[in-house]
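Q: next comes the sequence, and after it the predicted model I'd like to discuss.
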Amino acid sequence: MTIEIIPADYFTIQELVDLYNQTRVDYLVPMPMNAERLAEYIHIFDIDLNLSSVARAGDGQVLGLSMLGVRPPWAWITRLGVLPAIRRSGAGSALMDSMLANAQTLGMQETHLEVIRNNVPAHRLFLNKGFKEVNEYLVLRRAPHSVPEAVKCSTTWLDREAALGALEFYPRHLTWITALDSMRNAPDLSGLRVEFANGSSGWLVFRCHKFSLSHLVFHTEQCSPVKIGIQLLVNLYIRYPRHDTYAENIQVEDRHLPALLGMGFFDNFRRIEMRRKM
Amino acid sequence: MAKILYIEDIPDNATLAQRLLTGRGHEFLWAKNAEDGLAMALENQPDLILLDLGLPDVDGQTLSIWLRGEAALEKTPIIVLTAWPEEVARQTVEAYGLNGYLCKPFKLDTLMEIIEANLGA
C-alpha cells in the first residue's frame, strides 16, 4: 500500500476528531474526543498541527494520525492511531518516522511519549523506533463519596498564580500531561496548601472542571507524604464533595499513593513513559 | 415493555442494540454523547439506562454522577457497557453506585439477561 504523510493542519479539527475516534474504536482504553476537547488538548499540550501528521492511502482514504507537541529541547508524540482494518500495513511506522523526522529537523534533543501498559503492538513499535522505558505511571479514578473529618491544620487555597508558583519548584520529574508548561496553558488551575502546627506541610495542585477534578500533583515539604496527602485530599473533598476525580500519571513510587488509595482512588490503567535521544 | 436509553457514541453499536431491543418490544432511545444523554434521560425518564464509559464530551463515569444527582433518576438502573478490562468495570460499577456491567465484546443474550434482571428488580 502506498502511504502518503500529510501535515495535520491540512485537515479541520472536526476531520481530525473523526479520524482519531475511528482509530480508537477498539482501543484498550476508550478515549473518544469531540472537537472542543481536541482543540483544548492541542492548546494545553502545545501540539503543533503543522508538525503533526495524517497518513493517507494512494486512493485518498485517511488511515491514521499522530500529533507532535513541541517544547524545546523536547518533543512529545501523542494521539498516534491507525484505523483497525489498516493496522500492520506500515502506517503506524510511517507516522512515527514522520514525527521523529520533524523533531530532528527542529533540533530537539529528546522525544518523549507514553504508551498504555499492555498495548503490546504500540510498545513494540516504539522500542523498534529506538525509545527506551523510563518510568511507569498510574491513572487513578475516584467517585465522590464521604470523607473523614479534617485534622486541625492551616489550609490555604491557592489561586492560579500561586499554584503555578508552587509547581515551579516541584523537585521531581513530571510527564508532559502535568508538566508546568501544560498546567500554565490550562485555564482552570487551582491548588491547596496545608500546614500543621509542628511545621509539617505540603501542597496539591489540580485542575478543577465543572464536574470533575484532574491533573493532581502532590508535594510534601516536611513530614510523612501519606499524612499530608490525606489532609490535602480531605480538604479538597470537603470543598468539592460531588466532583469526580481523574488523577493521571501518578508515579508508581509516589509516596502519596497510599493516601490516594486510602481515600478511595482505584487503578484504572498504567502508562509507561518512553524517551528517545535525537 | 420498557423504555431503554442507550448512551453510546458509536452508531453501529447503537443500531445493533436498537434492533435487539425493539425486536423484543422495548422502546429504544439513543444519545450519542453525555450532554444529550442527560437531557434525554431527564425528558424521557427511561426505565433503564445502558451507558458506554468512553464518551466524547464527558466520560461515562462523570455522567453517571450527573444522572445519579437527579432525583428523578436516582434509582434508575444503569448498566455499563464498556471495553475496559473486567476488573476496572467491576470497580467502576461499585464505586459509582451503578447496577451492573458488560465488557465488550459481549453476547446479545447476556445483554438481554442483564437488562431483564434489572428491569425486574
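A: In hand now; what should we look at? From a predicted model like this one, the values you see are computed outputs, not experimental measurements. Residues are numbered from 1 along each chain as shown, chains lettered A, B, ... in the order given.

Q: surely A:Asn50 is within a strand?
A: No: the assignment for A:Asn50, made by DSSP: H, G, I helix; E, B strand; the rest coil, is coil rather than a strand.

Q: how about it, phi and psi?
A: Backbone torsions of A:Asn50, given as degrees, to the nearest 10, read phi -70, psi -30.

Q: and it, how many neighbours?
A: 12 (other CB atoms under 10 Å in any protein chain shown). All C-beta spots, glycine's among them, are computed from the backbone N, C-alpha and C.

Q: I figured it hits A:Ile6, correct?
A: No: applying CB atoms under 8 Å as the test, A:Asn50 and A:Ile6 come out as separate, 10.9 Å apart.

Q: show me the beta-bridge partners of the most centrally placed residue in chain B.
A: With distances taken as CA atoms, centre = their mean, chain B has B:Leu50 as the residue nearest its mean C-alpha position (1.2 Å). Counting by DSSP bridges, B:Leu50 is bridged to B:Tyr6, B:Ile79.

Q: and chain B, which residues reach chain A?
A: B:9-10, B:33, B:52-58, B:61-62, B:65-66, B:69, B:82-84, B:88, B:91-92, B:95-97 (CB under 8 Å from any CB of the partner chain).

Q: and the residue nearest to the centre of chain B, how far from chain A?
A: 15 Å (CB to the nearest CB, to the nearest Å).

Q: quick check, A:Val134 in a helix?
A: No: according to three-state DSSP, A:Val134 belongs to no helix; its state is strand.

Q: let me know the pLDDT of it.
A: pLDDT recorded at A:Val134 is 96.

Q: again with B:Leu29
A: 98.

Q: the one 3 residues further on too?
A: B:Lys32 carries a pLDDT score of 95 in this model.

Q: where does the residue nearest to it when sequence neighbours are not counted fall, helix, sheet strand or coil?
A: Distances taken as CB to CB, 6 or more residues apart in numbering or on different chains put B:Asp9 closest to B:Lys32, at 5.4 Å, once the chain neighbours are dropped. State at B:Asp9, reduced to three classes by three-state DSSP: coil.

Q: and the closest residue to A:Pro84 other than its chain neighbours, which of the three is it?
A: Once flanking residues are discounted, A:Pro84 sits nearest to A:Asp26: 5.3 Å by CB to CB, 6+ apart. For A:Asp26, the assignment made with three-state DSSP gives coil.

Q: tell me, how many residues neighbour the one residue in chain B that gets nearest to chain A?
A: Closest residue of chain B to chain A, CB to the nearest CB: B:Gly54 (2.5 Å). Close neighbours of B:Gly54, defined as other CB under 10 Å, add up to 21.

Q: which residues does it contact?
A: A:Pro30, A:Met31, A:Pro32, B:Asp9, B:Gly60, B:Thr82, B:Ala83 (CB atoms under 8 Å, 6 or more residues apart in numbering or on different chains).

Q: sorry, back to before: where does the residue nearest to A:Pro84 land on pLDDT?
A: 82.

Q: now do the one 10 residues further on
A: A:Glu36 is assigned a predicted lDDT (pLDDT) of 94.

Q: could you give the number of residues near it?
A: With other CB under 10 Å as criterion, A:Glu36 counts 12.

Q: quick one: which of the residues of chain B next to chain A sit in helices?
A: Within the residues of chain B next to chain A, residues falling in helices by DSSP state H are B:Gln61, B:Thr62, B:Ile65, B:Trp66, B:Gly69, B:Val88, B:Gln91, B:Thr92, B:Ala95.
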